[in-house]
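Novice: The sequence isn't on hand, but the structure is:
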């Protein structure tokens, strides 16, 4: 299924809960993904290439001209007038807002990195599954296995870890529609069916839930795609996607497998895409030229670097 066309005329920047929009840059947004790569020449004349597991994007944006009021919104962050950062860049061209390992169902690290460890003991345990029977993507490396070794809580919940230590979720654009989906299935041996829902929670500045939208509890017996969509409230700082199971539908020792988690802008449910996450960014440079008109800035160029947690 081809992906739905997205109209993305603006870029958002700032801090969670205080984002502002900028006009779409002239030309393209450069967003090179860089990770350290090493090329070793062996004694036999062959090459061995080694790469770090994760990397970082360097964003480049430029405008032929900006009104000074728009430019000042950037400059106040660049000069430190709004704190030293880091900050948020919300790139509307991103196909999956979830972190790489979570979006791949543990396929990057082969562990539960980027998933919030459920409350123990009744919340279940998380491991990486490599049995192709329980991987939905053709050729996929892994899926997430959520297992209950003891009696399940009434509503065991699984969430996604924010990519910055001071965030409570993914920074949200107020009044922006979002859609969250994932493929799930029970193990089929201990549990032939499990009831589960996917939800979008809108959080405030301290992580308290403002409101929530849910797919409703669905009984899954084989691979089934669950999805939920909703619009961020005007006072939302973060969007937090979660899975919530019905504890009474889970047998001790049973498992739920999760693959292809997808969080995206809009209301159209698209095919899965790998996630890049929303990471904090810091200024590398901001340059401009002052033309004769003092209310304009020309040839504005901005470079931002993604940071680690």
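Specialist: It's in. Because the structure is predicted, anything quoted here is derived from the model rather than measured.

Novice: residues contacting residue 148?
Specialist: The contact partners of residue 148, taken as Cβ atoms under 8 Å, 6 or more residues apart in numbering, are 122, 124, 125, 156, 250, 251, 252, 253, 254, 255. (C-beta placed from N, C-alpha, C; glycine too.)

Novice: which of those count as buried?
Specialist: For the contacts of residue 148, a burial check counting by 16 or more other Cβ atoms under 10 Å picks out 122, 124, 125, 156, 250, 251, 254, 255.

Novice: from what I can see the last one touches residue 144, true?
Specialist: If I follow you right, that is residue 255. No. Assessed by Cβ atoms under 8 Å, residue 255 is found out of contact with residue 144, at 10.0 Å.

Novice: can you put the contacts of residue 148 in TSV and add secondary structure?
Specialist: Below are the contacts of residue 148 laid out as TSV (DSSP: H, G, I helix; E, B strand; the rest coil):
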residue	secondary structure
122	coil
124	coil
125	strand
156	coil
250	coil
251	coil
252	coil
253	coil
254	coil
255	strand
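
Novice: circling back to that earlier point, can the buried ones among the contacts of residue 148 go into CSV with extra columns for distance to residue 307 and pLDDT?
Specialist: Output for the buried ones among the contacts of residue 148, formatted as CSV (distance: Cβ to Cβ, whole Å; pLDDT from 0 to 100):
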residue, distance to residue 307, pLDDT
122, 36, 95
124, 31, 97
125, 30, 97
156, 32, 97
250, 38, 98
251, 43, 98
254, 39, 97
255, 35, 98
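
Novice: Return the member of those nearest to residue 112.
Specialist: Nearest to residue 112 among the buried ones among the contacts of residue 148, counting by Cβ to Cβ, is residue 125 at 8.8 Å.

Novice: what's the distance between the closest residue to the closest one other than its chain neighbours and residue 123?
Specialist: Leaving aside its chain neighbours, residue 125 sits nearest to residue 147 (5.3 Å; criterion: Cβ to Cβ, 6 or more residues apart in numbering). Distance, residue 147 to residue 123, using Cβ to Cβ, to the nearest Å: 11 Å.

Novice: same question, residue 158
Specialist: 8 Å.

Novice: Repeat that for residue 196.
Specialist: From residue 196 to residue 123 the distance is 14 Å (Cβ to Cβ).
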